[in-house]
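Asker: only geometry, no sequence info:
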């Protein structure tokens, strides 16, 4: 129903379901180079970023360890349950790439907290000498944060989640392989409603 009502926000369950669909699509088969994270795990990483690692966080450490088998980790970030954007850990560039449909220049607290949670797990993995050779640098505080979208592409008040899933799908690590516009997102929304 949230896709039918412009006043409703797309929640984690809808985003998670679409991420599962993306993983199954042929055109995003990526030879294991991209890891698509779940909004549920992002919420646990935020928890760890706020409170530190708990005894029941071992399964999150195992998930973060899997990150090191990939070149890019795509993190769907939900700001205060009102706005979605995409953050990508790009290990080849040692860069945190942000794709945000409004190009807001605001303090990204949700991203900072999530990265701190990931860093806690990386530090634990590093203390156990389990760092993957391809990920020699796991100090995210040293990575540059870059805004990948230079001007707002979102023109309405409700489609940030749809932009974010399309960024998940079409960002190559350097650029979008397909132009994501408001018209494209509107058509995608209609198609997605019919699909579900």
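Answerer: Alright, I've got the coordinates. Model, not experiment: these values are computed from the prediction.
Asker: buried stuff in the biggest helix by length in the chain?
Answerer: If you go by DSSP state H, the chain has its longest helix at helix 109-127. For helix 109-127, burial by neighbour count (16 or more other CB atoms under 10 Å) applies to 110-111, 113-122, 124-125. From N, CA and C alone the C-beta is placed, and that goes for glycine too.
Asker: show me where the chain has strands.
Answerer: Remark: strands assigned in the chain by DSSP state E are 34-36, 72-79, 83-90, 95-99, 144-147.
Asker: got any ranges where the chain has weak pLDDT?
Answerer: 1-10, 25-32, 105-107, 157, 182-196 (pLDDT under 70).
Asker: from residue 85, how far off is the most centrally placed residue in it?
Answerer: Nearest to the mean C-alpha position of the chain, by CA atoms, centre = their mean, lies residue 75 at 1.7 Å. Separation of residue 75 from residue 85 (CB to CB, to the nearest Å) stands at 9 Å.
Asker: ok so, going back, now do the longest helix of the chain: everything it contacts.
Answerer: Around helix 109-127, the neighbours that count as contacts under CB atoms under 8 Å, 6 or more residues apart in numbering are 42, 44-50, 52-53, 57, 60-61, 64-65, 67-68, 75, 77-80, 87, 89, 96, 98, 131, 138-141, 145.
Asker: those residues in helices, which ones?
Answerer: Short answer: the contacts of helix 109-127 in helices (DSSP H) are 42, 44-50, 60-61, 64-65, 67.
Asker: now for those residues: which two are most distant?
Answerer: 50 and 65 (21.4 Å; CB to CB).
Asker: looking at the two, which one has more neighbours?
Answerer: Between residue 50 and residue 65, counting by other CB atoms under 10 Å, residue 65 is the more crowded of the two (18 against 11).
Asker: quick check: closest non-adjacent residue to that one.
Answerer: Distances taken as CB to CB, 6 or more residues apart in numbering place residue 125 nearest to residue 65, at 5.6 Å, with adjacent residues excluded.
Asker: can you pull the contacts of residue 132?
Answerer: 68, 69.
Asker: now with 10 Å, please.
Answerer: With contacts defined as CB atoms under 10 Å, 6 or more residues apart in numbering, residue 132 is in contact with 65, 66, 67, 68, 69, 70, 91, 125, 138.
Asker: and for residue 150?
Answerer: By CB under 10 Å, 6+ apart, the neighbours of residue 150 are residue 103.
Asker: how far away is it from residue 122?
Answerer: Residue 150 sits 30 Å away from residue 122, going by CB to CB.
Asker: same question, residue 114
Answerer: 13 Å.
Asker: residue 108 now?
Answerer: 19 Å.
Asker: same thing with residue 11?
Answerer: For residue 11, the distance to residue 122 - CB to CB - is 29 Å.
Asker: over to residue 64?
Answerer: 6 Å.
Asker: identify the contacts common to the two.
Answerer: Common contacts of residue 64 and residue 122, defined by CB under 10 Å, 6+ apart, comprise residue 138.
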